[in-house]
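Q: Quick one, what's the 3D model for this:
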Amino acid sequence: MAFSRLAQHPTTVTPPSNRSRNQRQGKSDRKGNRNSAGQVRIIAGQWRGRKLAVADVDGLRPTGDRVRETLFNWLQPLVAGSRCLDLFAGSGALGFEALSRQASRVTLVEPNGRAYAVLQQSAEVLGVPKSRARLVQGSAEHFLSGNSDEYDIVFVDPPFDYELQWETLAVLASAHVADNGHVYIESPTAQAMPENLPGGFHVHKEKVFGDVHARLLAREAIM
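A: Predicted coordinates:
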């Protein structure tokens, strides 16, 4: 499958916009319970209450506490022992939350050098064993093109300006996701979802938080 728009995603998370910095921060405002500047809090599990640094990178806006709490309530029976992929990791809020809740292994993919360095620091601060966390510096397109692993849970929360959500799902559906696996997609409410989802996926859970639409997609086993 060709990546087209996904292949154009540069090795930075800076949105292709001429808007001011304050205007670009709107995604953070929309996501519910915005985290304090420069930090994100782990909600539950082994590292409950621990705060992680957030790199000062344009377009990097961690998923807010309310949205993450709802997502992991949806995932509660599925996280422990799961193999997870945080494909547009940013601060690592989703990936480290999954690890805190006893995911067996999480791969975090992040193209921006500064954000990647902060992810490394966060893993060290938490004392995450390297056997449980794999950090990859590179684009989603580059990672998926060379990936042969399957994941039980995949988090897809790219910078909204790139509109990569549904093309990324199409690439994931061609491989990468285990039978009965789940993909979380966060998108602006103004962005339409395709009428027919690929690879046997269907919407399992969804909720709107202001201008953000959170969807958990489930994949039935392919016979």
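
Q: drop to CA atoms for contacts and neighbour counts, all remaining ones
A: Fine.

Q: does Leu85 count as helix, strand or coil?
A: Reducing the assignment to helix, strand or coil with DSSP: H, G, I helix; E, B strand; the rest coil, the entry for Leu85 is strand.

Q: for it, which residues make a bridge with it?
A: Note on Leu85: beta-bridge partners by DSSP bridges are Thr107, Val154.

Q: May I have whichever helix in the chain runs longest as CSV, with CA atoms only?
A: Assignment by DSSP state H gives helix 113-126 as the longest helix of the chain. Only the C-alpha atoms of helix 113-126 are listed here, as CSV (Å, rounded to 0.1, in the frame of the first residue of the first chain):
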residue,chain,number,x,y,z
GLY,A,113,14.8,14.9,17.8
ARG,A,114,14.0,17.1,20.8
ALA,A,115,10.8,15.2,21.6
TYR,A,116,12.7,11.9,21.2
ALA,A,117,15.4,13.0,23.6
VAL,A,118,12.7,13.8,26.2
LEU,A,119,11.1,10.4,25.7
GLN,A,120,14.5,8.8,26.5
GLN,A,121,14.7,10.9,29.6
SER,A,122,11.2,9.9,30.7
ALA,A,123,12.0,6.2,30.3
GLU,A,124,15.1,6.7,32.4
VAL,A,125,13.3,8.7,35.1
LEU,A,126,10.6,6.0,35.4
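
Q: helices or strands next to it in the packing?
A: With contacts defined as 3 or more CA pairs under 8 Å, 6 or more residues apart in numbering; DSSP states H and E, helix 113-126 has these neighbours: strand 51-53, strand 133-137.

Q: Would you convert the ones you listed into JSON lines that also reports mean pLDDT?
A: As requested, the helices and strands packed on helix 113-126 are arranged in JSON lines below (pLDDT from 0 to 100):
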{"stretch": "strand 51-53", "mean pLDDT": "94"}
{"stretch": "strand 133-137", "mean pLDDT": "97"}
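
Q: Show me what the longest strand anywhere in the chain packs onto, helices and strands only.
A: For the chain, the strand that runs over the most residues, judged by DSSP state E, is strand 177-188. Contacts defined by 3+ CA pairs under 8 Å, 6+ apart place strand 177-188 against strand 151-156, helix 165-173, strand 212-219.
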